[in-house]
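> here is a sequence with its predicted model. Questions after.
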Amino acid sequence: MSEAKQITSLTNPLVKAVRALHLRKEREESRQFLAEGLKIVTEAVELGRPPRVLLYGPEAREHPVLKKAADATLAAGGEVVEVTRDILEKISRRDNPQTVVAVFDQTFAPLENLDPSNHKVWVALHAVRDPGNLGTILRTADAAGCGGVMLVGDCCDPYSVEAVRATMGSIFAVPIYRVSIPHFLAWREKWPGPVVGTLLTASVDHRTADYRAPTLILMGNEQQGLTPELAVACDVNVKIPMRGRADSLNLSVATGIMIYAAMG
């Protein structure tokens with residue numbers, strides 16, 4: 001691509017800046033994040049979110065989908081850069097890197113602008129710690145057609161490389177809201193539908209809960225589950241029956257079950 005710059009030095013300032021986005025501090029200061037792979041970049045472009053910086057290896061140069069992404073990047077005032085495989089390995093911190101990586105602006109939706117009537121099901125997560133879980137939940141919420149995902153309290157970063165990778169592109173499709181616990185509890189008072197939480201000690205089967213639209217599903221931390229404060233804020237707490245020896249489910253699996261139960 002004639003419009004693309006070329007970088008071959010591992011010490012180039014742009015390479016260093018892009019690689020630094022593995023660090024949460026750098027992501028928060030720059031309000032940007034790193035995404036890997038042509039599929040994710042294509043998803044972003046199709047959703048009107050072109051990259052700020054698009055980097056690709058020589059083997060991807062002639063790919064027609066890459067050219068479309070590059071054109072969108074340049075049209076939005078971004079940079080398109082051809083780099084070496086060594087640079088892609090350094091940026092991705094992987095021996096077998098994707099041939100395309102990109103830098104995007106972060107977006108968080110204001111909770112005050114959320115319209116509950118726009119979708120049947122919404123998801124709130126308290127203190128989720130694992131970025132793989134968070135990314136998988138975002139992907140599931142996208143697949144099921146949820147309205148958005150609220151991160152309540154101290155959650156892991158949805159824009160970490162691990163979380164973004166797990167979303168498979170859904171990071172660009174699902175509105176994400178960040179809110180403190182007090183703010184969430186105050187806002188929840190005006191929620192027009194049922195708020196359904198999950199608790200191992202609950203007596204209500206998750207399949208029998210009231211899932212009138214709009215339903216807000218509230219899920220707790222991987223280790224502790226919902227805090228008493230948040231459990232009390234739910235209209236009903238439910239449990240997913242355990243039939244085998246395992247006494248609990250992975251958070252992303254449990255959230256997926258709850259989402260589809262609520263969707264009906």
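Cool, got the structure.
> tell me the domain ranges of the protein?
As given by automatic domain parsing, the domain ranges for the chain are 5-105, 111-263.
> now tabulate these in a markdown table and tack on mean neighbour count.
C-beta coordinates here come from the backbone N, C-alpha and C atoms, glycine included. Formatted as a markdown table, the domains of the chain follow (neighbours: other CB atoms under 10 Å):
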| stretch | mean neighbour count |
| --- | --- |
| domain 5-105 | 17 |
| domain 111-263 | 18 |
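> now mean pLDDT too, for those, in a markdown table please.
Shown next, in a markdown table, are the domains of the chain (pLDDT from 0 to 100):
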| stretch | mean pLDDT |
| --- | --- |
| domain 5-105 | 96 |
| domain 111-263 | 96 |
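> start to end distance for stretch 104-116?
End-to-end span of stretch 104-116 (CA to CA, to the nearest Å): 28 Å.
> what distance separates that stretch from the middle of the whole chain?
Here stretch 104-116 is found 13 Å from its chain centre; the criterion is CA atoms, centre = their mean, to the nearest Å.
> identify the residues contacting that stretch?
Contacts to stretch 104-116, defined as CB atoms under 8 Å, 6 or more residues apart in numbering, come from residues 27, 31-33, 35, 44, 49, 51-52, 122, 147-148, 150, 159, 172, 175-179, 183, 187, 191-193, 214, 216.
> helices - which of those land there?
27, 44, 183, 187 (DSSP state H).
> what's the closest non-adjacent residue to the last one?
Meaning residue 187. Excluding the flanking residues, the one nearest residue 187 by CB to CB, 6 or more residues apart in numbering is residue 111, at 6.0 Å.
> check the second one too.
On the basis of CB to CB, 6+ apart, the spatially nearest residue to residue 44 that is not a chain neighbour turns out to be residue 172, at 4.7 Å.
> that neighbour contacts residue 45, doesn't it?
No: at 9.1 Å, residue 172 does not count as touching residue 45 under the criterion of CB atoms under 8 Å.
> so which residues of the stretch 1-150 of the chain form strands?
Along the stretch 1-150 of the chain, counting by DSSP state E, counting those that start in this stretch, strands occupy 5-7, 32-36, 53-56, 79-83, 100-105, 121-126, 149-152.
> so which of those is nearest residue 206?
For the strands of the stretch 1-150 of the chain, the distance to residue 206 is smallest for strand 121-126, at 13.3 Å, taking CB to CB.
> what pairs with that closest one, parallel or antiparallel?
strand 149-152 (parallel), strand 215-219 (parallel) (DSSP bridges).
> how far does it sit from its chain's centre?
Distance of strand 121-126 from the chain centroid (CA atoms, centre = their mean) equals 13 Å.
> what are the contacting residues of it?
Contacts for strand 121-126 (CB under 8 Å, 6+ apart): 114, 116, 134, 137, 141, 144-153, 155, 181, 184, 211, 213-221, 226-227, 230, 255, 259, 262-263.
> now swap in stretch 54-66 and tell me
With CB under 8 Å, 6+ apart as the test, stretch 54-66 has contacts from 1, 4, 7, 18, 38, 41-42, 69-70, 73, 78-85, 87-88, 91, 97, 99-102.
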